[in-house]
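Need coordinates for the following:
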Amino acid sequence: MISARTRWLDDQIIVARKEQLQKKDVRNGQLIILGAGYDTRGFRLVDLWNGDDSTTSSSASSFHVIEVDQPEVQEKKMGNMKWLMTKETNDATNSDSNNKHHSISHLVESKKVSFLPVNFVTDNLQEKLTSHEQFSQNTTTTLSIITMEGVTQ
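I've put the predicted structure just below:
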């Protein structure tokens, strides 16, 4: 079950992405999730990647998600994702082949979601973000959506 707050925020992100795809000068998008925790927003909202076909043309749109959180939380989340991928592989005989592009394995392997470990107390978030290989500072061609939902620390 998704809470009303989470659903509302998901909808706002999708609307912003759709509006971004309508603009000629802004072709790329990035969702930066601060305090991502165990949320799966970056993997759930595969509609964000509509229009992403960077293999066909330099003018194609691309979208990337950067999950920012404490290293310990991300390590545990990645461990859980690996477990789910193993379970998914074991259950493949019972799965619908049409859902392959929405499988956990496909989403992880696409590298559309990356992880940035940050200690919000001791690390400089700006330095960490700007040094991350997937982060774009180009505000002319990249729409950045930054969220922080339900963070308690």
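
buried set for stretch 118-126?
Residues of stretch 118-126 classed as buried: residue 118 (neighbour count, 16 or more other C-beta atoms under 10 Å). C-beta: built from backbone N, CA, C; applies to glycine.

Now the terminal residues of it, how far apart.
Using C-alpha to C-alpha, to the nearest Å, the end-to-end distance of stretch 118-126 comes out at 10 Å.

can you list contacts of that stretch?
34, 35, 68, 69, 70, 71, 128, 153 (C-beta atoms under 8 Å, 6 or more residues apart in numbering).

how about CSV for the residues you listed, with neighbour count added?
What follows is the contacts of stretch 118-126, written out as CSV (neighbours: other C-beta atoms under 10 Å):
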residue, neighbour count
34, 18
35, 19
68, 23
69, 22
70, 18
71, 13
128, 16
153, 6
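
looking at this, residue 78 is in a helix?
Yes. Judged by DSSP: H, G, I helix; E, B strand; the rest coil, residue 78 forms part of a helix.

and it, what does it touch?
Per C-beta under 8 Å, 6+ apart, neighbours of residue 78: residue 115.

Just the pLDDT at it, thanks.
Residue 78 carries a pLDDT value of 88.

for residue 108, same thing?
Listed pLDDT for residue 108 reads 74.

try residue 19
pLDDT for residue 19: 84.

Can you say which helix or strand has it in it?
Using DSSP states H and E, residue 19 sits in helix 4-22.

cool, and residue 81?
Using DSSP H and E, residue 81 falls within helix 71-90.

How is residue 33 assigned, secondary-structure-wise?
Going by three-state DSSP: residue 33 is strand.

which residues does residue 68 contact?
32, 33, 34, 35, 36, 116, 118, 125, 128, 129.

Could you give the bridge partners of it?
residue 34, residue 116 (DSSP bridges).
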